[in-house]
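Student: This is a predicted model, with the sequence first.
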Amino acid sequence: MKIFTKSILAVVAMVTMVSAAFAGGPMTNTNQSAHFLRSVARGTSLETDAVYTNPAGVVFMDNGFHIGISDQMAAQTRTITSTYAPFAMNGGSDTKQYKGEVFSAFIPSLHFAWKHNRWAVMAGIGVNGGGGSLKFKDGLASFERQFAVLPGAINQLGGSMGLSASAYNMNMNLTGKSMTLAFNVGAAFRITDWLSVAAQLRIGVTNNSYVGKIGNIQINPSMPNMGLNGQMMNASEFFTLAGQMLSQVNPELAAQVAPYAALTADHTLDVKQSGVSVSPIIALAFHKGQWDASIKYEFKMATELKIESAPVSAKDPVINSIFADGTKVKAETPALLAVAVSRNCGPVKITAQWHHYFDKDAQNSFSPVIEGNTNEYMLGVEWSITDRLLVSAGTQRTQLNMNENAYSDMNFSISSWSVGIGMAYRFCEAVCLNVGYMPTIYDEVTSKGMASGLPYTDVYQRTSHAWGIGLDLKFGGKKN
């Protein structure tokens, strides 16, 4: 019975771990424009998205003003297929499926640069993390597992007195919203005709919210001398009644039963988190002949999120013990090293890129499962068919290093392959349209663990599709 109590608290604590990143490492979204969707490897870009992907390369763009505007739509699913023996007491099967869905119709980004000879200044706004609303309309396996053991706990508690139970049911749902909006400002300087340097300052503003409910928990206790005939009844009412009756004959056992009236009552989660962080970025770029290269280092975003709990949650003794209003949790975004090189072969540009996320040095919800740093490998090809039309494609492998058996269904990330395809069409010298589409294919992960002393197996699956459209605008200046 003590295991059951601790498990309930652990499940509620994990609610803060819901997130919805669309590309990049566990905490970082590197998908910042339609350019990325159509060619993936953007580390040597000399277009408007260079403000994010290749800040030192901005000084190799044409003189004048450059503005890039993009919007993306993304749809994701997260499916957990869980096998746990006590589930059979709610519907007859020990295997259940829980599905979460994300749809974001508006994931904006804006990049601006003004370049004059050897100097450039720049600014950008984009979604650096999260960016969606993740809805589990039937809750999660980790929630249900804790209540699935209620009949067994009742049999253990009252077997000697003829008290038994064989079934349970419950209602639950959870919606998590997460977004980190990042504002970048910086400048670049061309040291030589082929080498440049840049520095930026990034301000990250994070806002998360978590809304959910566990309610109408029912069991079917049977004990004739208590008037219980095996019909389904509210679990909290049962434990209240049992505590009252036992207090007359067995005060010690009554004291053990009493906490379950509160634990099995309805619980409403309504919590917000917010925080601001500041971190620098430094970069170098090489541009000579048919070759381009870049290196960029983004320092860790040491984000702390302050918890604001609504009264309905703050007054709940279970939820409030975890989400005390005004307390803080760490949600640090790890440092990132990005290296890229490209070669122009006539009308075709080939780019290779590598990302290394320093996950081990960041404290966030993934820290308990991180075993090593994340690596990404990208390859992109762009083909200028005419002066106006360009087609492109690319691929990305994201390789995580995590202890998969330590996953929870509230907090998991999976290694994946992404494929991007799209085009750019230049209407005139000043206006260029970019469109792209990127599906992501995730590995399937199987995780094994124990809950309330019983084994379970979770199979994690994900899907992701992203579409984007953007305009590049250029004003003033002349070609270099």
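Tutor: Received, thanks.
Student: for the protein, what's the longest strand?
Tutor: When the chain is parsed with DSSP state E, its longest strand is strand 195-219.
Student: Flag every buried residue along the longest helix along the chain.
Tutor: Secondary structure of the chain per DSSP state H: the longest helix is helix 235-249. For helix 235-249, a neighbour-count test (16 or more other CB atoms under 10 Å) marks A235, S236, F238, F239, T240, L241, A242, G243, L246 as buried. Heads up, the C-betas are built off the backbone N, CA and C, glycines and all.
Student: Which neighbouring elements make contact with it?
Tutor: Packing partners of helix 235-249 (3 or more CB pairs under 8 Å, 6 or more residues apart in numbering; DSSP states H and E): strand 195-219, helix 251-257, helix 259-263.
Student: now these in CSV, with mean neighbour count and mean pLDDT?
Tutor: Listed next are these as CSV, based on neighbours: other CB atoms under 10 Å; pLDDT from 0 to 100:
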stretch, mean neighbour count, mean pLDDT
strand 195-219, 19, 94
helix 251-257, 14, 79
helix 259-263, 19, 85
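Student: Quick one: closest of these to V121.
Tutor: Among the helices and strands packed on helix 235-249, strand 195-219 comes nearest to V121, with 10.1 Å by CB to CB.
Student: Give me the packing partners of that closest one, helices and strands only.
Tutor: Looks like strand 195-219 contacts strand 119-136, helix 141-148, helix 150-158, strand 168-190, strand 233-234, helix 235-249, strand 267-288 (3+ CB pairs under 8 Å, 6+ apart).
Student: Parallel or antiparallel, list what pairs with the longest strand of the chain.
Tutor: Strand pairing for strand 195-219, using DSSP bridges, gives strand 168-190 (antiparallel), strand 233-234 (antiparallel), strand 267-288 (antiparallel).
Student: will you turn those into JSON lines that also has distance to S82, mean pLDDT and mean neighbour count?
Tutor: Below are these laid out as JSON lines (distance: least, CB to CB, whole Å; pLDDT from 0 to 100; neighbours: other CB atoms under 10 Å):
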{"stretch": "strand 168-190", "distance to S82": "14", "mean pLDDT": "94", "mean neighbour count": "20"}
{"stretch": "strand 233-234", "distance to S82": "25", "mean pLDDT": "94", "mean neighbour count": "16"}
{"stretch": "strand 267-288", "distance to S82": "20", "mean pLDDT": "95", "mean neighbour count": "19"}
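Student: for those strands, which one sits closest to P251?
Tutor: In terms of CB to CB, the element of the strands paired with strand 195-219 nearest to P251 is strand 233-234, at 24.0 Å.
Student: Which residues does that closest one contact?
Tutor: Defining contact as CB atoms under 8 Å, 6 or more residues apart in numbering, one finds that strand 233-234 is touched by N216, I217, Q218, I219, N220, P221.
Student: and L337, how many neighbours?
Tutor: When neighbours are defined as other CB atoms under 10 Å, L337 has 14 of them.
Student: How about it, nearest residue that isn't a chain neighbour?
Tutor: H356 (4.5 Å; CB to CB, 6 or more residues apart in numbering).
Student: The one you found and L174, how far apart?
Tutor: Applying CB to CB, to the nearest Å, the value for H356 to L174 is 33 Å.
Student: now swap in H35 and tell me
Tutor: With distances taken as CB to CB, H35 is found 34 Å from L174.
Student: Repeat that for P347.
Tutor: To L174, P347 is 50 Å away according to CB to CB.
Student: could I get the buried residues of helix 235-249 as JSON lines with pLDDT and distance to N225?
Tutor: Listed next are the buried residues of helix 235-249 as JSON lines, based on pLDDT from 0 to 100; distance: CB to CB, whole Å:
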{"residue": "A235", "pLDDT": "94", "distance to N225": "20"}
{"residue": "S236", "pLDDT": "93", "distance to N225": "22"}
{"residue": "F238", "pLDDT": "90", "distance to N225": "15"}
{"residue": "F239", "pLDDT": "89", "distance to N225": "18"}
{"residue": "T240", "pLDDT": "89", "distance to N225": "18"}
{"residue": "L241", "pLDDT": "85", "distance to N225": "13"}
{"residue": "A242", "pLDDT": "82", "distance to N225": "12"}
{"residue": "G243", "pLDDT": "83", "distance to N225": "16"}
{"residue": "L246", "pLDDT": "76", "distance to N225": "13"}
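Student: Tell me the one of those residues nearest A293?
Tutor: For these, the nearest to A293 is A235 (63.2 Å; CB to CB).
Student: and G477, that's in a strand?
Tutor: No - per DSSP: H, G, I helix; E, B strand; the rest coil, G477 lies outside any strand segment and is coil.
Student: could you list every residue that touches the nearest residue in space to it that is not next to it in sequence?
Tutor: Excluding the flanking residues, the one nearest G477 by CB to CB, 6+ apart is G64, at 2.5 Å. Contacts for G64 (CB under 8 Å, 6+ apart) come out as W114, K115, K474, F475, G476, G477, K478.
Student: in which helix or strand would I find the second one?
Tutor: Assigned by DSSP states H and E, K115 falls within strand 95-116.
Student: before we move on, what about the third one?
Tutor: Counting by DSSP H and E, the secondary-structure element that holds K474 is strand 454-475.
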